[in-house]
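[1] what's the 3D shape of this:
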Amino acid sequence: MIRHTFRATCALSPGVRCFSDTSGGEISKCGRTGLADLTKQTSLYVHWPYCLRRCSYCNFNKYIPRENKDNIMTECLQRETETLLQLSQVSCITSVFFGGGTPSLAHPSTIAAVLDTVSKQAKLSDRAEVTLEVNPTPVGMSKLEDFCHAGVNRFSIGVQSLQDEDLKILGRDHSSHHALQTIEEARRMCPGRVSVDVMFGRPKQTVESWENELSELLKVCDDHVSLYQLTLERGTQLFKQVQRGDTTVPADDVTAEMYQCARSTLHQHGFLQYEVSNFARHNAVSHHNMSYWKGRQYVGVGPGAHGRFVVPGEGGVAREARTQTLEPDVWMREVQQRGHGTRRRIQLSHLELLEEVLVMGMRMTEGIYHKHWELFSHEIGLYEIFGTSVEVQEFLQSGKLVLDERGLRCSWDGLALLDSMLPALLVELERRISSGLQREHHADGQTEKTSNSR
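    I've put the predicted structure just below:
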């Protein structure tokens, strides 16, 4: 149960969405979530592509603007939101997430304009979670109250580190002092609704220094923490530095110890792990991200955004994977010309949909319930797919996986090894689904032969 509510300064602001008592279900009640309902509701991701600088480790779709085009960007975000929601024909938006890039660089009026467009196309409940990623700089902190007035009711703060030297190595433009100030102000504005992102596996980091840093963070953070292991992405500045030998990152066994150390420390402080990288207390989970992990529809708006939704507005009946044009100027031109900047769209097969449900669902500590799986797969259940597999049986017998009357999930130890188990699970899923299709084709052929012989 969420034990915090907005302070009066935020709760009384026009347009601000507040959280009332929940019991772990969807924060925005759009009705039941049967199979038919899954196509009538969606979450919405809005991508703001601009940053003031590029971090040394980052390969996200972000751009350093040469000139201010915020007004055009705002208009195009509104128009694409309108177009894609009309195509999806959804009746309810369960959550909205403004990511980037650095969306806290956007003017609060941009956030308000997009939310106003959303409200005109579908039901956006007053209880719907609306999250904004914030870069913890003085500029970002100074706009938090205005973002609340615009309709934001949850902040995700990219702290990454409380070590100033590490922040410089990562190319971040804030200090540990700025981060702590921003967390304090965000908690004042939206108590119980502030998440912090922190990164481990950083250059020259040790398990001991990580433990100390995490302890410091837990003294000031709110009720949600996201942990991310630093990955060296090819082409980034940090990747090149490591390749040249200018710096080093911890070995795999050290980062594995850091992860387990963080899990234990967070648990001791009352945080429950609900996903591979996410921890919450007082039930302050990210409902937007939960919709991803549960395989629900989501619409992606903005340069490079991804979406997964059915498009009945164009006669579609199967879910599509859609990707918007990456480069902001090209994307804006396409939106102005045809209402959206969708560059790539692929209709997902039944197997591809189940693969996504499996991969995303197994990231949650609750795993995949039998009833949830049945929403996407009427023909064959979890027991039938994984219950007799030799390789999966090894995972079950070793205690890494659990398959019982509740569903399929990782154990505490197994969750840290999920990446190594997923290939076997995916192979078994493909084998079972493919063999089922072959049996159907064979049965159809036999029926046709019988009909022809009459």
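
[2] ok, Asp197 to Ala305 distance?
    Note on Asp197: its distance to Ala305, by C-beta to C-beta, to the nearest Å, is 19 Å. From N, CA and C alone the C-beta is placed, and that goes for glycine too.

[3] more crowded one of these two?
    Each of Asp197 and Ala305 has its neighbours counted (other C-beta atoms under 10 Å); Ala305 has more, 27 against 16.

[4] so the more buried one makes contact with Leu44?
    No. Between Ala305 and Leu44 there is no contact, the gap being 9.7 Å when judged by C-beta atoms under 8 Å.

[5] hey, where'd the helices end up in the stretch 251-400 of the chain?
    Ranges of helices in the stretch 251-400 of the chain, per DSSP state H, counting those that start in this stretch, are 252-268, 287-293, 328-338, 350-361, 370-376, 382-386, 390-397.

[6] which of these is buried the deepest?
    Ranked by average neighbour count under the criterion mean count of other C-beta atoms under 10 Å, the helices of the stretch 251-400 of the chain are headed by helix 287-293 at a mean of 22.

[7] show me where the stretch 351-454 of the chain dips below the pLDDT cut-off.
    Confidence mapping of the stretch 351-454 of the chain against pLDDT under 70 gives the ranges 436-454.

[8] center of the protein - which residue?
    Taking C-alpha atoms, centre = their mean, the centroid of the chain lies closest to Asn289, which sits 4.0 Å from it.

[9] excluding residues flanking it in the chain, which one is nearest Val90?
    Closest residue to Val90 apart from its sequence neighbours, by C-beta to C-beta, 6 or more residues apart in numbering: Thr42 at 4.7 Å.

[10] then Leu84?
    Counting by C-beta to C-beta, 6+ apart, the residue nearest Leu84 is Val299, at 5.1 Å.

[11] quick check: bridge partners of that neighbour?
    Judged by DSSP bridges, the bridge partners of Val299 are Leu44.

[12] that one and Ala284: what is the separation?
    In this view, Val299 and Ala284 are 24 Å apart by C-beta to C-beta.

[13] strands of the stretch 1-150 of the chain, start to end?
    Applying DSSP state E, counting those that start in this stretch to the stretch 1-150 of the chain gives strands spanning 41-48, 92-100, 123-134.

[14] for the last one, which strands pair with it and how are they oriented?
    The one in question is strand 123-134. Counting by DSSP bridges, strand 123-134 is paired with strand 92-100 (parallel), strand 154-160 (parallel).

[15] how far does that strand sit from the chain's center?
    14 Å (C-alpha atoms, centre = their mean, to the nearest Å).

[16] one more: the second one?
    Between the centre of strand 92-100 and the centre of its chain there are 10 Å (C-alpha atoms, centre = their mean).

[17] export it as PDB, just CAs?
    The C-alpha trace of strand 92-100 is given here as PDB (Å, rounded to 0.1, in the frame of the first residue of the first chain):
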ATOM      1  CA  CYS A  92      -7.700   4.300 -21.900                       C
ATOM      2  CA  ILE A  93      -4.100   5.400 -21.200                       C
ATOM      3  CA  THR A  94      -2.700   3.500 -18.200                       C
ATOM      4  CA  SER A  95       0.500   5.600 -17.700                       C
ATOM      5  CA  VAL A  96       2.800   8.100 -19.500                       C
ATOM      6  CA  PHE A  97       6.600   8.200 -19.300                       C
ATOM      7  CA  PHE A  98       8.700  11.100 -20.600                       C
ATOM      8  CA  GLY A  99      12.200   9.800 -21.300                       C
ATOM      9  CA  GLY A 100      15.200  10.700 -23.400                       C
END
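
[18] ok, Val335 - contacts?
    Cys76, Arg79, Glu80, Thr83, Gly341 (C-beta atoms under 8 Å, 6 or more residues apart in numbering).

[19] got the contact list for the nearest residue to it once chain neighbours are set aside?
    With sequence-adjacent residues excluded and distances taken as C-beta to C-beta, 6+ apart, Val335 is closest to Cys76, at 4.2 Å. With contact taken as C-beta under 8 Å, 6+ apart, Cys76 is in contact with Trp331, Met332, Val335, Gln336, Gly341.

[20] from Val392, how far off is Cys76?
    Cys76 is 47 Å from Val392, by C-beta to C-beta.

[21] would you agree Glu430 is in contact with Glu352?
    No. The criterion here is C-beta under 8 Å, and Glu430 misses it with Glu352 at 10.0 Å.

[22] hmm, Val46 and the residue nearest to Leu84 touching each other?
    No. Contact criterion C-beta under 8 Å: Val299 and Val46 do not qualify, at 9.3 Å.

[23] and the pLDDT at Ala11?
    On pLDDT, Ala11 comes in at 31.

[24] actually Gln163, sorry about that
    84.

[25] got phi/psi on it?
    phi -110, psi 120 (degrees, to the nearest 10).

[26] list the residues that contact it.
    So Gln163 contacts Ser176, Ser209, Glu213 (C-beta under 8 Å, 6+ apart).
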